[in-house]
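Peer 1: sequence and computational prediction follow.
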Amino acid sequence: MLDKEGYRPNVGIILVNSRNQVFWGKRVREHAWQFPQGGISHGENPEQAMLRELYEEVGLLPEHVQIIGRTRNWLRYDVPNRWVRRDYRSHYKGQKQIWFLLRLVGRDHHVNLRASTHPEFDAWRWHDYWIPLEDVIEFKREVYKEALEELSLLLFQPKQFRHANYRPRTSAHHRVEPNGDDAPTS
């Protein structure tokens, strides 16, 4: 489902833990990391789509999270032609997203990357809030920056707001074990 400008309605999820670190997922069979995101199905509102995607991609239920806020407006990015199927190139431009900021009130072990039959991620980690701007694929970077900046106002004091102020690069890595368990790595 595309809007008249060629953008697919979508939701993005910034999930933070109690230390305001963000969930960062590694796409299956790729060395690409990103936030959970997904399309809004016909008849869904953005919050319903976010809760569905949260379960499908991360395995979390509504009781595992607290919704802190969302972006006021749609944020858009164009997808380069090389990433678009040929039969979509004439009418597909990219994604328009509403971003949600969620706090994990459950525990790390509630994360289940195999909750759906088609997992999006095969590993995950907690990262400092601004680090995704360094790691995300280039064409998504501006939308990530806009979402992180707008939603950071709900988490941080004004002096902590600017992403240029971060220095340490710390993360806790997790991988999915063959038996489906989630294990921390170093």
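Peer 2: Arrived safely.
Peer 1: so what does the one residue sitting closest to the centre of the chain look like in phi/psi?
Peer 2: The chain has residue 35 as the residue nearest its centroid, 2.1 Å off, counting by CA atoms, centre = their mean. When quoted as degrees, to the nearest 10, the phi and psi of residue 35 stand at phi -80, psi 160.
Peer 1: what's the answer for residue 151, then?
Peer 2: phi -80, psi -20.
Peer 1: burial of it, as a residue count?
Peer 2: Other residues lying near residue 151 total 21 when counted by other CB atoms under 10 Å. Just so you know, the C-beta spots here come from the backbone N, C-alpha and C atoms, and that holds for glycine as well.
Peer 1: quick one, what contacts it?
Peer 2: 14, 68, 69, 70, 71, 99, 101 (CB atoms under 8 Å, 6 or more residues apart in numbering).
Peer 1: so which of those is the most crowded?
Peer 2: Greatest neighbour count in the contacts of residue 151, by other CB under 10 Å, goes to residue 99: 27 neighbours.
Peer 1: and that residue, how far is that from residue 29?
Peer 2: For residue 99, the distance to residue 29 equals 26 Å [CB to CB, to the nearest Å].
Peer 1: and for residue 51?
Peer 2: If you go by CB to CB, the gap between residue 51 and residue 29 works out to 26 Å.
Peer 1: one more: residue 109?
Peer 2: On the measure of CB to CB, residue 109 and residue 29 end up 24 Å apart.
Peer 1: and what of residue 77?
Peer 2: According to CB to CB, residue 77 stands 23 Å off from residue 29.
Peer 1: the closest residue to residue 154 other than its chain neighbours in helix, strand or coil?
Peer 2: Nearest residue to residue 154 in three dimensions, chain neighbours excluded: residue 69, at 4.7 Å (CB to CB, 6 or more residues apart in numbering). Secondary structure for residue 69, judged by DSSP: H, G, I helix; E, B strand; the rest coil, is strand.
Peer 1: all strands of the protein, in order?
Peer 2: Counting by DSSP state E, the segments of the chain that form strands are 7-16, 22-27, 33-34, 37-39, 65-70, 75-78, 94-104, 121-127, 171-176, 182-185.
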